[in-house]
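A.B. asks: what's the 3D shape of this:
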Amino acid sequence: MTKMDKVAMITFCIGILFLNEYAGGQSAIDEPTRYTITVTFDTAETRLMGHVIIDYHNGSGMDLTTIPMFFRNDDKEENLIQRCTVNGKLAEFEYRFKDGSDGYSGVDIDLHDKITSGERCTIRIDFMSARGDFFYGYYHFCHHWDDKADWLPTVLVMEHGKIYPSRQSLSDYEVTLTLPADFTCAATGTIQSESASGDTKTLYMKARGVPDFGILLAEDFIVEEAEAAGVLIRSFYFEKEKKWGKYLLEKAQDIVPFYADTIGFYPQPIITILPGHSEPWGGYPVCANCVVIHMGLDKKGDDAEEFANWILAHEIGHEYFGFGHILEDYDYPQWFGLSMGIYTDYLYNSARGIHRSDFHTRWRYYMAGILAGLNTTILRKVDDLDREGSDWNNVIAHSKSSTVLSLLQRLVGTDTFWIIYKTYLDEHRGKTVTLESFKNTCESISGMELDWFFHQWYETPSYLDYRVEETNTWKAGSEFITECRIVRKGDAVMPLTVALVTTGGDTIRQDIDGWFGERTLTFRSVKGPARVIIDPDKNLPLMAHAEQSFSHYGIAGMQLQKIGKNDEALHLYQNAYALAKDFSAYWYFLGVCYRNVGDYVSGIESFRHLDECKDDEYTRYKESSILELGKIYDLMGRRDDAKKQYQEALKSDRTKEEAEKYLEQPFVHR
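C.D. replies: Numbers count the residues shown, from 1 in each chain. Okay, the predicted model is just below:
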């Protein structure tokens, strides 16, 4: 994924009670809930209006007098449900509105007659949806996991006598949609039939075993289709993005068969590709069977085609984890789904020689989070992470989760890890994976005791920090004897390699278990020593590796600025001077940091240093610095100078919108 850009996608549980009660996940596919939906798109109201008939199986493990449901209602004064019946009897209902970080937005159906555990019932709801969200040029009627709300009334997951508002389950859908004839529809399901009547058309669609049903509507979509490995691939694009709409369709015809052959199956009979933001930020799965790839790919220059291929493989890979096969609990960062999805795209991209395929370099944001001093514990509630304000989606949900998975792969071995990966895909359809069940499966297949691994990486912020503290060398006959003292300064532990590189270019390695506070190693060599290196192949996310890369410092500074720690960010950037002084990004972020702490003169000087850098990103940061200089001049009361900068910033598509805003009204730093 790379962004939902928030797919605020989400991980796990500290609570022992939760782990004990739900250790293995419960399949929701033996007796799926079935939704039969008949709706019309009202263009004036921008809503879907109609009814849903729900064939519900009570697999909750308890008798029900109330059925709790997701349902999005943005206005407490608006009545979106006209009528509700259960088994033909009129039923009362009550709206439930999310209060702060607690609860969920929905509706509770009160039953006249109790529905016993294991019993089925038929629910009919006449409703109209909340107004469709309109962005990226089309209407979205999709599940909003971050809001815990849906355009369609859907039954919450209830298992083992408990309600899980943020957990997915698999259901079957039949949808009849009437819409204006000049609109085009992308959806989770496959179109079974289409008919026209006057200025409207009606689509009949089906989807089986999906966690939600999304509908996306536009007047000016261009649609192209292809089939590969028995999967219908649909590419929706706008005329201005025609080249990339066709390119993504072509690449999907390679990606889907690769996954089907390598993994053994593709989870659904359809995958739809949709356009996103005008900036090429990446993409995200917008709903089951539908992925968004952000537009503006030409801005990637020579890297555009490879980037597009990689991000498409990445998003399609997520369809196996959290979007219709292996399910998620969105109360927690999506530690399992995102990391396994990233491993899936790694399989494709490494096979195709795409340079982003190095699964072991995914730790960039995680290591930046360590440099920034963030709490990177995975097993925390998303609401707690949101309150901290950091970019946990990138730092924890994407980067740390995939880093930890790569460490697990290294620990148990690639062949064993492949068995673990396949076991989940083959045996856990429709189940939500917990940390306890994942640990147990890994231990069972590998034959290893892994409590220590799962505890330190998922339940603590521990990180790896091994250092060469002291080295001594002496000659003994024809040999050089080198002793080096290694100190573990971090709380985390992993097996590691220490290498001596000689003046003759030879490398002598020692593998050690890492379980020590301090340890002395002895190397014997014919040639004299040149240097001692911990983790020479950079297989581990060591603090020392992070400190050697400006990329990590740059991201760490941005993380600190995001949570309002501008002074700490400034000190971090200042400490990175030797590493970063030749990078235009460094001077740009340093200038922004100086502005944020009120040192406007130093900010101006930093932006001017950009002209000393001619790296590949110079143009991007130079254009942005013109706008930022205008902001500084506004803050200094130099309005005429600020306007000159904004006038110059109008020349760049990157800064034009903000420049227009601040030409009308001076920038105010909040």
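A.B. asks: quick one, phi/psi of Glu483?
C.D. replies: phi -110, psi 130 (degrees, to the nearest 10).
A.B. asks: Oops, could you answer that again for Trp392 instead?
C.D. replies: On the backbone of Trp392 - angles per degrees, to the nearest 10 - the values are phi -70, psi -20.
A.B. asks: does Glu225 count as helix, strand or coil?
C.D. replies: strand (DSSP: H, G, I helix; E, B strand; the rest coil).
A.B. asks: Bridged to it, which residues?
C.D. replies: Counting by DSSP bridges, Glu225 is bridged to Arg234.
A.B. asks: With Asp511 instead?
C.D. replies: Thr497.
A.B. asks: Next: Thr178.
C.D. replies: Beta-bridge partners for Thr178, by DSSP bridges, are Thr40, Thr202.
A.B. asks: That one and Gly198 touch, don't they?
C.D. replies: No. With contact defined as C-beta atoms under 8 Å, Thr178 does not reach Gly198; the gap is 10.9 Å. Every residue, glycine included, has its C-beta placed from N, CA and C.
A.B. asks: more crowded one of those two?
C.D. replies: Higher neighbour count among Thr178 and Gly198: Thr178, with 18 against 6, using other C-beta atoms under 10 Å.
A.B. asks: what about the more buried one, distance to Ala196?
C.D. replies: 10 Å (C-beta to C-beta, to the nearest Å).
A.B. asks: Now do the shared contacts for those two.
C.D. replies: Taking C-beta atoms under 8 Å, 6 or more residues apart in numbering as the criterion, Thr178 and Ala196 both touch Thr202.
A.B. asks: Would you confirm that Asp140 contacts Phe134?
C.D. replies: No, residue 140 isn't Asp; it's His. Yes. The pair His140 / Phe134 is scored as a contact, 7.4 Å apart, by C-beta under 8 Å.
A.B. asks: I'd assumed Thr262 was in a helix, is it?
C.D. replies: Yes. Judged by three-state DSSP, Thr262 forms part of a helix.
A.B. asks: roughly how far apart are it and Phe438?
C.D. replies: 22 Å.
A.B. asks: Looking at the two, which is more packed in?
C.D. replies: Taking other C-beta under 10 Å, Thr262 and Phe438 do not tie; Phe438 has more neighbours (22 against 11).
A.B. asks: Could you say which helix or strand holds that one?
C.D. replies: Using DSSP states H and E, Phe438 sits in helix 435-446.
A.B. asks: Quick one: mean pLDDT over that helix.
C.D. replies: For helix 435-446, the mean per-residue pLDDT is 97.
A.B. asks: Run a quick neighbour tally on the closest residue in space to Glu449 that isn't next to it in sequence.
C.D. replies: Spatial nearest neighbour of Glu449, excluding adjacent residues (C-beta to C-beta, 6 or more residues apart in numbering): Glu443 at 6.6 Å. By the criterion of other C-beta under 10 Å, Glu443 has 16 neighbours.
A.B. asks: Arg387 now?
C.D. replies: Around Arg387 there are 10 residues (other C-beta under 10 Å).
A.B. asks: how about low-confidence regions in the chain?
C.D. replies: 1-30, 98-103, 144-149, 356-361, 670 (pLDDT under 70).
A.B. asks: how does it divide up, domain by domain?
C.D. replies: 24-316, 466-540, 546-664 (automatic domain parsing).
A.B. asks: which one of the ones you listed lies closest to Leu338?
C.D. replies: Comparing the domains of the chain against Leu338 with C-beta to C-beta, the closest turns out to be domain 24-316 (10.3 Å).
A.B. asks: roughly how far is the closest one from the heart of the chain?
C.D. replies: 18 Å (C-alpha atoms, centre = their mean, to the nearest Å).
A.B. asks: any idea where the helices of the stretch 101-250 of the chain begin and end?
C.D. replies: 242-263 (DSSP state H, counting those that start in this stretch).
A.B. asks: in stretch 505-512, what counts as buried?
C.D. replies: Neighbour-count burial for stretch 505-512, with 16 or more other C-beta atoms under 10 Å as criterion, is recorded at Ile508.
A.B. asks: Check the offset of that stretch from the chain's centre.
C.D. replies: 38 Å.
A.B. asks: What would that stretch look like as CSV? C-alpha coordinates only.
C.D. replies: Output of stretch 505-512 as CSV, limited to C-alpha atoms (Å, rounded to 0.1, in the frame of the first residue of the first chain):
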residue,chain,number,x,y,z
GLY,A,505,40.6,-6.9,0.6
ASP,A,506,39.7,-10.2,2.3
THR,A,507,36.6,-10.4,4.5
ILE,A,508,36.6,-12.7,7.5
ARG,A,509,33.2,-13.2,9.1
GLN,A,510,31.9,-14.5,12.4
ASP,A,511,28.2,-15.2,13.1
ILE,A,512,27.1,-14.7,16.6
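A.B. asks: Lovely, talk soon.
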